[in-house]
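Q: task: produce atomic coordinates for the following.
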Amino acid sequence: MAIYKGLTRAEFKNKKEFSGSIIRQIHEVLDYVYLCNETRVVIDGSPNREEYDSYPKEALREAIINCYCHRDYDRNSNIKIEFFDDRCEIISPGSFYDGLTLSDALQGVQSFRNINLVRLLYKLDLIENYASGFARIFRSYRDYNKKPQVDILNTAVKISLFNLNYNDIKKEDKETLLSINALKVFELIKNDASITRKELALKINKSERTVDRLIKELKDLNLIEEKTSKKGGIWVILI
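A: Below you'll find the predicted structure:
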């Protein structure tokens, strides 16, 4: 698994390998993927707030477990999960099996390369064994403009899931989307209009440089402004 900065593989933010039994890998991979699934928060001036995952958890789970169920274990290759700013690409060694097509899979047609493994994962309640995985992946994006992309290659299957919080592609509206840390800064400022950058950094356990970036995020969205005087500075909430 790799997490990149930006839209290409030029710069790693983090990378991790998983080993051990298939069951152990599935659980550890899913736990780590859910940690990588950043949440965005909608602030619109009302008392309530809404939170949105970057990727539907159902889509991530189905795509990853599908890899373990249907990959070609004879190929000297690995399952790859790669997070970019705008998408997650999941690559499974081995193309579709026994003449199966994507259209067939979306219609619920089954084809088993690893029948005993499928039976085992079914017994462990990790899958339904009903050929519904691809349909669920696409269904989880039904309310969004951007849809999953499936590339059937000669030696692999690649699923691209798009980040619903990237460039506001989640909905065609003007809701304000904040990162979790920016929300923390916003709420601290609401509670204390005179709080300093240094105090904010200590409160959220981040550097002052990071706090500066989060404050810029809030200012760019016209949520706060900063007023300074000889006596000091205060924050003004604009919503």
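
Q: doesn't residue 216 lie inside a helix?
A: Yes. Under DSSP: H, G, I helix; E, B strand; the rest coil, residue 216 sits within a helix.

Q: state the distance from it to residue 66.
A: 40 Å (C-beta to C-beta, to the nearest Å). The way it works is simple: take the backbone N, C-alpha and C, and place the C-beta from them, glycine included.

Q: of the two, who's got more company?
A: residue 66 (19 against 11; other C-beta atoms under 10 Å).

Q: which residue packs closest to that one, ignoring adjacent ones?
A: Distances taken as C-beta to C-beta, 6 or more residues apart in numbering place residue 133 nearest to residue 66, at 5.0 Å, with adjacent residues excluded.

Q: count of residues packed around the one you found?
A: By the criterion of other C-beta under 10 Å, residue 133 has 20 neighbours.

Q: what's the answer for residue 18, then?
A: When neighbours are counted by other C-beta under 10 Å, residue 18 comes out with 15.

Q: use 42 as the first number for this chain going forward.
A: Yes, from this point I'll number from 42; that puts the last item at residue 59.

Q: which residues does it contact?
A: 42, 66, 69-70, 73 (C-beta atoms under 8 Å, 6 or more residues apart in numbering).

Q: what ranges does this protein have for its strands?
A: Assigned by DSSP state E, the strands in the chain fall at 43-45, 53-56, 80-83, 91-94, 121-124, 128-134, 190-193, 197-203, 218-220, 265-270, 273-278.

Q: could you dump those strands into a markdown table and include mean pLDDT, distance to residue 113 and mean neighbour count?
A: Shown next, in a markdown table, are these (pLDDT from 0 to 100; distance: least, C-beta to C-beta, whole Å; neighbours: other C-beta atoms under 10 Å):
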| stretch | mean pLDDT | distance to residue 113 | mean neighbour count |
| --- | --- | --- | --- |
| strand 43-45 | 95 | 21 | 17 |
| strand 53-56 | 94 | 23 | 11 |
| strand 80-83 | 78 | 35 | 18 |
| strand 91-94 | 83 | 31 | 14 |
| strand 121-124 | 97 | 14 | 20 |
| strand 128-134 | 96 | 5 | 21 |
| strand 190-193 | 92 | 13 | 14 |
| strand 197-203 | 95 | 9 | 21 |
| strand 218-220 | 68 | 39 | 19 |
| strand 265-270 | 85 | 53 | 12 |
| strand 273-278 | 85 | 56 | 14 |
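
Q: wait, which of the ones you listed is closest to residue 111?
A: Proximity to residue 111 (C-beta to C-beta) singles out strand 128-134 among the strands of the chain, at 6.7 Å.

Q: quick one: distance of that closest one to the chain centre.
A: The chain centroid and the centroid of strand 128-134 are separated by 13 Å under C-alpha atoms, centre = their mean, to the nearest Å.

Q: quick one: list the elements packing against it.
A: helix 98-111, strand 121-124, strand 197-203 (3 or more C-beta pairs under 8 Å, 6 or more residues apart in numbering; DSSP states H and E).

Q: what angle separates that strand from strand 197-203?
A: 170 degrees (axes from the mean of the first three to the mean of the last three C-alpha atoms, to 10 degrees).

Q: then strand 128-134 to CSV, C-alphas only?
A: The C-alpha trace of strand 128-134 is given here as CSV (Å, rounded to 0.1, in the frame of the first residue of the first chain):
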residue,chain,number,x,y,z
ARG,A,128,-8.4,8.7,-6.2
CYS,A,129,-7.6,5.3,-4.8
GLU,A,130,-6.3,2.7,-7.3
ILE,A,131,-6.6,-1.0,-6.3
ILE,A,132,-4.8,-3.5,-8.5
SER,A,133,-5.4,-7.3,-8.3
PRO,A,134,-3.0,-9.7,-10.1
